[in-house]
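In: mind looking at a prediction? Sequence and model below.
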Protein chains: 2
Amino acid sequence: MRVAILAHEQFPDDAKTAVGVLRYSDHDAVAVLDRERAGQRVRDHLPDVQDAPIVAEMDDAPECDALLIGIAPIGGGFEESWRPDVAAALRRGCDVVAGLHYLLGEDEQFRALAEEHAGEIRDVRRPPEDLTVASGTAGDVDARVVLTVGTDCSSGKMTGAYELRAAARERGLDAAVVPTGQTGIMISGRGIAIDRVISDFAAGATERLVTAAADHDVLFVEGQGALAHPAYSGVTTAILHGAQPDSLVLCHVAGRQRVGGYERFELPDPGSYAQLYESMAAPVSGATVDAGFLNTAALDRDEADQRLDAYEQALDAPVTDPVRDGAAAVLDAVL
Amino acid sequence: MRVAILAHEQFPDDAKTAVGVLRYSDHDAVAVLDRERAGQRVRDHLPDVQDAPIVAEMDDAPECDALLIGIAPIGGGFEESWRPDVAAALRRGCDVVAGLHYLLGEDEQFRALAEEHAGEIRDVRRPPEDLTVASGTAGDVDARVVLTVGTDCSSGKMTGAYELRAAARERGLDAAVVPTGQTGIMISGRGIAIDRVISDFAAGATERLVTAAADHDVLFVEGQGALAHPAYSGVTTAILHGAQPDSLVLCHVAGRQRVGGYERFELPDPGSYAQLYESMAAPVSGATVDAGFLNTAALDRDEADQRLDAYEQALDAPVTDPVRDGAAAVLDAVL
């Protein structure tokens, strides 16, 4: 699929979805829309992802199949300043793919344009309507199921899952990511945003995703939230028990000691945190923390190596920084 | 509030909500509707709850303020055979209170009747529309917060909360239950069905309930599901972290060894289960399992006492069967 990616005024640092799509998706990016950086290129900012021109508006973008909304304001609203680009994309017959809480498919103008020009609006955060409670059967799939879990939000669970997929594919394995959040869904073109599902059905939705992908050799399920998080632990638990993984990879940001945005809550140390995940997994699927990912982006190489050593000792398992060093050593531990 | 309670063909054994309302609510029950038992009385079946006549249909019920739907078919649907009773209640100007997945307020006939006769339809399972993520502040309330948790679904968490409230009120404490499921909401006239909330907001909804009730001396929060349940553990976790309790009471059914309806999953033994709850509570609010409730309804007194002794040893904490023996000893342990 040829895609244009909307990231006005936020590319690349605050455009997690846009960068994720550029780095991990199979889509062919024909342009990034950022009116503040028009005329530059993606590679001017990110040398290690697929390149594309940055343009000011949809009318400047080459021919493509879809416009992806690659940024998400706090609260998940729709910025009215994006309206001309979305409308222009629909008038060209493109699909529009968005992960906002505001559902573009319920916008009258967009719906009318999509109908008139035979485009499709895909709100990836909208859950399927036929979800049910879990039956407890995800563990029956033949595929090896590996779940990335975290010590906090934004600790590298999605990145880790895609880096593991890359490492597995390099070895000739038939590997897939099971996306559970909007960025992963936009990268892979499938998945369910588990945080938007009615809580009774959250494990069931995860189970459905794992079961539907069971024909692969190995599945890397993207975890959400964290087990000791005061707000999101319910989502984390539902995914842990719904996916019934064989193996867990604990993702952590070097130096983080308190819950992001909830600083009154200390993170358990990584060794205790791994034990907590194993204790919770035990009654349902019995997975262990077999490896770890550490985000060391803020550190120089020497400091990073020290932190990686300490993290490896704490988990008593192989660890890497997946962006710096790849995921091969972690893959060995979870297969 | 004077209420009639609909429980056609299911009173009392399969009418959990009707029995809960008769046993624990402050409502004045003027009649139970059960067309199979018309002419009998509640006390013919249940000597220890408030008495009321059983009638065949709404037209036979004395004057009242509301009709409560006191039964829930599997799946939460609406039985068309109840329609004449609901319509009759609305025509009399009564409110109608229901906890079904099928929302009576969206039924055209019922909505029109309610409007015409100035009655209100309250679908207690419909969550408020302005829910948000938790801020992690429920632990700041002055009230003592006690959460009933379970080894499984239907293990006595709601009953335990109301029996604790009764014991606390007997001592002159200002005590309230914080309902998190539809039966509790119908008993207490407030609460949120946490299992119906978007999973991202489940802890936040619990936090809102606790904070709103903070002016009482002691709150008994009704738990849901179970921490090792393959389908509902996400809801359980959200309530545990959203409520930030000071103390936990572990509810168990004597002899139950496997998850109800999910028999391939063994329950952890009660001692390990208590540890799991404490490990999960620790990073957020630090509560411990200070007491237990055991449902021994299926056993004679001798067998019950043996099981109670064993359960007390497993938890190393006071336990009672709250229906047989009250909750005074458990209350001592959690205050």
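Out: Nice, thanks for sending it over.
In: how many neighbouring residues does residue A:179 have?
Out: Applying other CB atoms under 10 Å in any protein chain shown, we find 26 other residues in the vicinity of residue A:179. Placement of C-beta: from N, CA and C, glycine included.
In: now for it: which residues touch it?
Out: Residues near residue A:179 by CB atoms under 8 Å, 6 or more residues apart in numbering or on different chains: A:158, A:185, A:187, A:188, A:190, A:191, A:192, A:209, A:222.
In: OK, contacts around the fourth one?
Out: Neighbour list for residue A:188: A:25, A:176, A:177, A:179 [criterion: CB under 8 Å, 6+ apart].
In: distance of it from chain B?
Out: As defined by CB to the nearest CB, to the nearest Å, residue A:188 lies at a distance of 21 Å from chain B.
In: check the last one too.
Out: Distance of residue A:222 to chain B, computed by CB to the nearest CB: 15 Å.
In: one more: residue A:111?
Out: Separation of residue A:111 from chain B (CB to the nearest CB): 22 Å.
In: for that residue, give me its contacts.
Out: A:105, A:121.
In: for it, report the pLDDT, please.
Out: On pLDDT, residue A:111 comes in at 97.
In: residue A:33 now?
Out: pLDDT, residue A:33: 98.
In: contacts only, for it.
Out: A:4-8, A:54-58, A:61, A:67, A:85.
In: again, 7 Å this time
Out: A:4, A:5, A:6, A:7, A:8, A:55, A:57, A:58, A:61, A:85 (CB atoms under 7 Å, 6 or more residues apart in numbering or on different chains).
In: ditto for residue A:79
Out: Contacts of residue A:79 (CB under 7 Å, 6+ apart): residue A:73.
In: just the buried residues out of the contacts of residue A:179, in PyMOL syntax.
Out: In PyMOL, the members of those classed as buried (16 or more other CB atoms under 10 Å in any protein chain shown) are selected with the following command:
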select buried, chain A and resi 158+185+187+188+191+192+209+222
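In: make sure residue A:292 is actually in contact with residue A:248.
Out: No: the pair residue A:292 and residue A:248 does not pass the contact test of CB atoms under 7 Å, sitting 9.4 Å apart.
In: more neighbours, the two?
Out: residue A:292 (29 against 26).
In: what about the closest residue to residue A:2 other than its chain neighbours, how many residues nearby?
Out: Spatial nearest neighbour of residue A:2, excluding adjacent residues (CB to CB, 6 or more residues apart in numbering or on different chains): residue A:64 at 4.1 Å. Residues near residue A:64, counting by other CB under 10 Å, number 22.
In: SS state for residue A:64?
Out: coil (DSSP: H, G, I helix; E, B strand; the rest coil).
In: from chain B, how far off is it?
Out: Residue A:64 is 32 Å from chain B, by CB to the nearest CB.
In: how about that residue, what does it touch?
Out: Counting by CB under 7 Å, 6+ apart, residue A:64 touches A:2, A:3, A:4, A:30, A:94.
In: one more time with 10 Å
Out: Contacts for residue A:64 (CB atoms under 10 Å, 6 or more residues apart in numbering or on different chains) come out as A:1-5, A:27-31, A:58, A:89, A:92, A:94-95.
In: which among the residues you listed gets closest to chain B?
Out: residue A:5 (25.0 Å; CB to the nearest CB).
In: most neighbours among the contacts of residue A:33, which one is it?
Out: Comparing those by number of neighbours (other CB under 10 Å), residue A:5 comes first, having 32 neighbours.
In: mind giving me the packing neighbours of the helix or strand hosting it?
Out: Element membership of residue A:5, judged by DSSP states H and E, is strand A:2-6. On a contact count with 3 or more CB pairs under 10 Å, 6 or more residues apart in numbering or on different chains; DSSP states H and E, strand A:2-6 meets helix A:16-24, strand A:28-33, strand A:66-69, helix A:83-91, strand A:95-98.
In: and of these, who's closest to residue B:18?
Out: strand A:95-98 (45.6 Å; CB to CB).
In: do that closest one and chain B meet?
Out: No: using CB under 10 Å from any CB of the partner chain, strand A:95-98 stays clear of chain B, coming no nearer than 17.6 Å.
In: put the alpha carbons of that strand into CSV.
Out: C-alpha atoms of strand A:95-98 as CSV (Å, rounded to 0.1, in the frame of the first residue of the first chain):
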residue,chain,number,x,y,z
ASP,A,95,-8.6,5.6,2.0
VAL,A,96,-8.0,7.4,5.3
VAL,A,97,-6.6,5.4,8.3
ALA,A,98,-6.8,7.0,11.8
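In: the helices and strands packed on strand A:2-6: which one's closest to residue B:301?
Out: Nearest to residue B:301 among the helices and strands packed on strand A:2-6 is helix A:16-24 (62.0 Å), distances taken as CB to CB.
In: helices and strands around the closest one, which ones?
Out: Secondary-structure packing of helix A:16-24 (3+ CB pairs under 10 Å, 6+ apart): strand A:2-6, strand A:28-33, strand A:66-69, strand A:95-98, helix A:157-170, helix A:182-188.
In: got the angle for that helix vs helix A:157-170?
Out: 10 degrees (axes from the mean of the first three to the mean of the last three CA atoms, to 10 degrees).
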